[in-house]
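# Sequence first, then the predicted structure:
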Amino acid sequence: MINKFIGRLIGKATAGSKGRKRFGKRAEIGPQGHAINPALVDERAANVVRTLKEAGYEAYIVGGAVRDLLLGLKPKDFDVATNATPEQVKALFRRAFIIGRRFRIVHVVYGRGREHEVIEVSTFRAYMDNATSNAMVQGNERSAKGQLAGMTHAVDASGRVLRDNVWGSQEEDAARRDFSVNAMYYDPETRVVVDYHNGLQDSQKKLLRMIGDAATRYREDPVRIMRAVRFGAKLAALGFTLEPKTAKPLVEARALLAEVPQSRLFDEMIKLLQTGHAVPSVDQLRKLGLGKGIYPLLDVVVERADQPFVKAALADTDRRVAEGKPVAPSFLLACVLWQDVLGGWNARLAKGEHAFPALQDAIDEVFDARIGDVSGRGKLGADMREIWMMQPRFEKRSGNTPFSLAEQPRFRAGFDFLRLRADVGEIDEELADWWQAFSLADDGERESLVRELRAEQQRSKKQQPPRTHRVPKQAPTQEGQAPAAIESEASGEGDEASPTPAKKRRRRRRKPSGGGGAEGQGGGVESSGDA
């Protein structure tokens, strides 16, 4: 403690005017100077501020919410900063939870279920000079967990902050934040904006500027590289540009991301792609020369962003966010990696493997190659697997299959995936249209749709012309039959293209049920999976 105190005194004595410049100059701007519309302020966030102030603490809405309010936008998330410690904050609210080790914050929860809202409350943090820190540890956040135990502030040999839970003043807290437009504080009761680093001017100039030396700030926390891309993409539509000094070190600093835990990079990638600006984010990555080398899975997204299916998925995600609809990372990643799954699946089918086991093996291979142990074995991976495994089941529209499939928890995601495949011409549009009608129909209408499809298939069989050149091409050898059958199922022409032996097997399966429609599109795929 004594060494730290002396070190900070020496730092203040030697910093002089440079030290004051680091912390900026406090400016208070009233309603006439910023024109924030109070109606855009979330009442629950205002309640958190009011509760903290009534308890005798300082409290402000902070960060991106203030930036959006200044731009006349309604923020989607509200954060609060205070001089109360996490324990003091937690004691004031009935449903409040302290989370995190690297940065301890409090989540104050309002409501339940899908309607719940979380107000994130952080304590003002001290500005710690990494060059003089005596809490330096070896290794990184992954390898130095033992050394980090019990520490409130620690950096590694490169100056990267590994843990930072030292409380300080508001001016220090502002200096620690990344961009000037994200370092303003707003009091919803007095309607005063507190600004230390000309954030208001930068917002008026449409400039995204890093506080302090950009290279140093990226070294402190390399994830700021991805945040620079995300904010640049989000604000580009409003005319914002990255300040040249902020953009210049990005490519060189990219190597620092190798020391960041994969879980953090994965989470930051999801923010990049699912906050409503996925397409602009890809454009921004390319523009800044960061299309490769940030995170392997993100590299795949950028590489495939111009492919019709992935492009449609990215645009659809942005549209849903803009409309206030929920989005899931499992859906978008399933779209991005479908090319790999489909390739592995087709390769196994060509070897004569049964369709469903072949698809399962292809999925396992993709998880191992592309996602690894970060999230591919958790709920996200399970949801992705379910979306993929539904695709051949959509081909079968007879018997109870449509009814049971529509009851699956992930049916909507699976159907949306099918619809995107139809939109880009990968499958027949008629299949997606039928399932859309089925999903919106009541039980009676669904029964009618299945009967009509069965009758239509029977009429089509009677009107089929005699097989000519197609059969010899597809059935000269046993080895060539499996790919031909799968190809015909995918195109919706199962009866016409299938060789004679396959047709006889279908007839034998129909007899016990007494029905004539068990061979609906993709029926062969479903049966081979059960076998």
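Good, I have the coordinates. This structure is a prediction, so every number in the text was calculated from the model and none was measured.

# Helix or strand for the residue most central in space within the chain, just tell me which one.
Centroid-nearest residue in the chain: Ile270, 2.6 Å away (criterion: CA atoms, centre = their mean). Secondary-structure element containing Ile270, defined by DSSP states H and E: helix 262-274.

# Need the residues that contact that helix.
223, 226-227, 229-230, 233, 257, 278, 281, 294-295, 297-298, 301, 314, 317, 321, 327, 329, 332, 372, 374-375 (CB atoms under 8 Å, 6 or more residues apart in numbering). No exception for glycine: its C-beta is placed from N, CA and C like everyone else's.

# Retrieve the pLDDT associated with Ala237.
pLDDT, Ala237: 89.

# nearest spatial neighbour of it, skipping sequence neighbours?
Nearest in space to Ala237, with sequence neighbours left out and distances taken as CB to CB, 6 or more residues apart in numbering, is Pro280 at 6.9 Å.

# Would you work out how far apart the start and end of stretch 66-82 are?
This stretch, stretch 66-82, spans 15 Å end to end (CA to CA, to the nearest Å).

# in the stretch 51-200 of the chain, which ranges drop under the pLDDT threshold?
Counting by pLDDT under 70, the stretch 51-200 of the chain shows low-confidence ranges at 102, 113-114, 128-165.

# Where do the helices of it begin and end?
Shown for the stretch 51-200 of the chain, the helices assigned by DSSP state H, counting those that start in this stretch span residues 64-70, 86-92, 145-148, 170-176, 199-205.

# re earlier: distance-wise, check the residue nearest to the centre of the chain relative to Gly352.
Using CB to CB, to the nearest Å, we find Ile270 at a distance of 39 Å from Gly352.

# ok, back up a step: which ones among the contacts of helix 262-274 map onto strands?
Secondary structure from DSSP state E places none of the contacts of helix 262-274 in strands.

# Based on its surroundings, how many neighbours for the residue lying closest to Gly239 once chain neighbours are set aside?
Excluding its sequence neighbours, the residue lying closest to Gly239 (CB to CB, 6+ apart) is Lys206, at 4.5 Å. Counted with other CB atoms under 10 Å, residues neighbouring Lys206 total 14.

# Next up, phi/psi of Lys206, please.
Here is the backbone geometry of Lys206 (degrees, to the nearest 10): phi 60, psi 50.

# State the number of residues packed around Ile36.
For Ile36, the number of neighbouring residues by other CB under 10 Å comes to 21.

# Report the separation between it and Asp213.
31 Å.

# most packed of the helices of the stretch 51-200 of the chain?
Looking across these with neighbours counted as mean count of other CB atoms under 10 Å, the highest average goes to helix 64-70: a mean of 24.

# Other residues contacting that one?
By CB under 8 Å, 6+ apart, the list of residues contacting helix 64-70 from outside reads 34, 36-37, 40-41, 45, 61, 74-75, 77-79, 181-182, 184-186, 193, 199-200, 203.

# List only buried entries from the residues you listed.
Burial by neighbour count, judged by 16 or more other CB atoms under 10 Å, picks out 34, 36, 41, 45, 61, 75, 78-79, 181-182, 184-186, 193, 199-200, 203 from the contacts of helix 64-70.

# out of the residues you listed, which are inside strands?
Using DSSP E, the subset of the buried ones among the contacts of helix 64-70 located in strands is 61, 79, 184-186, 193.

# In those residues, find the pair that's most separated.
With CB to CB as the measure, no two of these lie farther apart than Asp79 and Val193, at 15.0 Å.

# for the ones in strands among the buried ones among the contacts of helix 64-70, which one is nearest Asp416?
The nearest member of those to Asp416, counting by CB to CB, is Asp79 at 31.6 Å.

# I'd like to know the beta-bridge partner residues of that closest one.
Applying DSSP bridges to Asp79 gives these bridge partners: Val62, Glu120.

# Would you confirm that it contacts Val62?
Yes. Between Asp79 and Val62 there is a contact under CB atoms under 8 Å: 5.4 Å.

# Common neighbours of those two, please.
Taking CB under 8 Å, 6+ apart as the contact rule, the neighbours common to Asp79 and Val62 are Ser122.

# what's next to stretch 48-61, contact-wise?
The set of residues external to stretch 48-61 that reach it, using CB under 8 Å, 6+ apart, is 41, 45-46, 69, 78-84, 88-89, 92-93, 108, 119, 121, 124, 170, 185-189, 194.

# returning to that earlier point: I'd like to know how far the residue nearest to the centre of the chain sits from Arg393.
If you measure Ile270 against Arg393 using CB to CB, the figure is 28 Å.

# Could I get the contacting residues of the residue nearest to Ala237?
If you count contacts by CB under 8 Å, 6+ apart, Pro280 has them with 233-234, 236-237.

# And it, how far from Leu256?
When CB to CB is applied, the distance between Pro280 and Leu256 equals 24 Å.

# Same check on Val229?
Applying CB to CB, the value for Val229 to Leu256 is 14 Å.

# Which of those two has more residues huddled nearby?
Shown here are Val229 and Leu256; by other CB under 10 Å, Val229 has more neighbours (26 against 20).

# Is that one in contact with Gly291, as I believe?
No. At 10.6 Å, Val229 and Gly291 do not qualify as touching, with contact defined as CB under 8 Å.

# shared neighbours of the two, anything?
Leu285.

# what about the strands in this structure?
Taking DSSP E as the criterion, the chain carries its strands at 27-29, 59-62, 79-82, 96-99, 105-110, 117-123, 153-155, 161-164, 184-187, 192-195, 207-208, 241-242.

# Would you mind putting these into TSV with distance to Gly344 alongside?
Output for the strands of the chain, formatted as TSV (distance: least, CB to CB, whole Å):
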stretch	distance to Gly344
strand 27-29	58
strand 59-62	47
strand 79-82	43
strand 96-99	38
strand 105-110	40
strand 117-123	39
strand 153-155	44
strand 161-164	39
strand 184-187	50
strand 192-195	54
strand 207-208	41
strand 241-242	39
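
# out of those, nearest to Phe403?
Taking the strands of the chain one by one with CB to CB, strand 117-123 is closest: 36.7 Å.

# Under the pLDDT cut-off, which ranges of this protein? List them.
For the chain, the stretches flagged by pLDDT under 70 are 1-22, 102, 113-114, 128-165, 372-377, 462-531.

# again, 50 this time
Applying pLDDT under 50 to the chain flags residues 1-20, 132-134, 136, 141, 143, 467-531.

# these two touch, right, Leu235 and Leu208?
Yes. At 6.3 Å, Leu235 and Leu208 qualify as touching, with contact defined as CB under 8 Å.

# Indicate which one of the strands of the chain is closest to Leu453.
With CB to CB, the closest approach to Leu453 among the strands of the chain belongs to strand 117-123: 44.6 Å.

# Packing partners of the closest one?
Applying 3 or more CB pairs under 8 Å, 6 or more residues apart in numbering; DSSP states H and E, one finds that strand 117-123 makes contact with helix 43-54, strand 79-82, helix 86-92, strand 105-110.

# mind putting these in CSV, distance to Arg264 included?
Output for the helices and strands packed on strand 117-123, formatted as CSV (distance: least, CB to CB, whole Å):
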stretch, distance to Arg264
helix 43-54, 26
strand 79-82, 19
helix 86-92, 21
strand 105-110, 15
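
# Of these, which is nearest Thr241?
Smallest distance to Thr241 across the helices and strands packed on strand 117-123 (CB to CB): 24.7 Å, for strand 79-82.

# Quick one: distance of the closest one to the chain centre.
Mean C-alpha position of strand 79-82 versus that of the full chain (CA atoms, centre = their mean, to the nearest Å) differs by 24 Å.

# same for that strand, what does it pack against?
So strand 79-82, by 3+ CB pairs under 8 Å, 6+ apart, packs with helix 43-54, strand 59-62, strand 117-123.

# Next one: Arg125 relative to Arg209, how far apart?
For Arg125, the distance to Arg209 equals 21 Å [CB to CB].

# no, scratch that, I was asking about Ile371
35 Å.

# Next: Pro86.
30 Å.

# Same check on Ala55?
In this structure, Ala55 and Arg209 are separated by 35 Å, where distance is defined by CB to CB.
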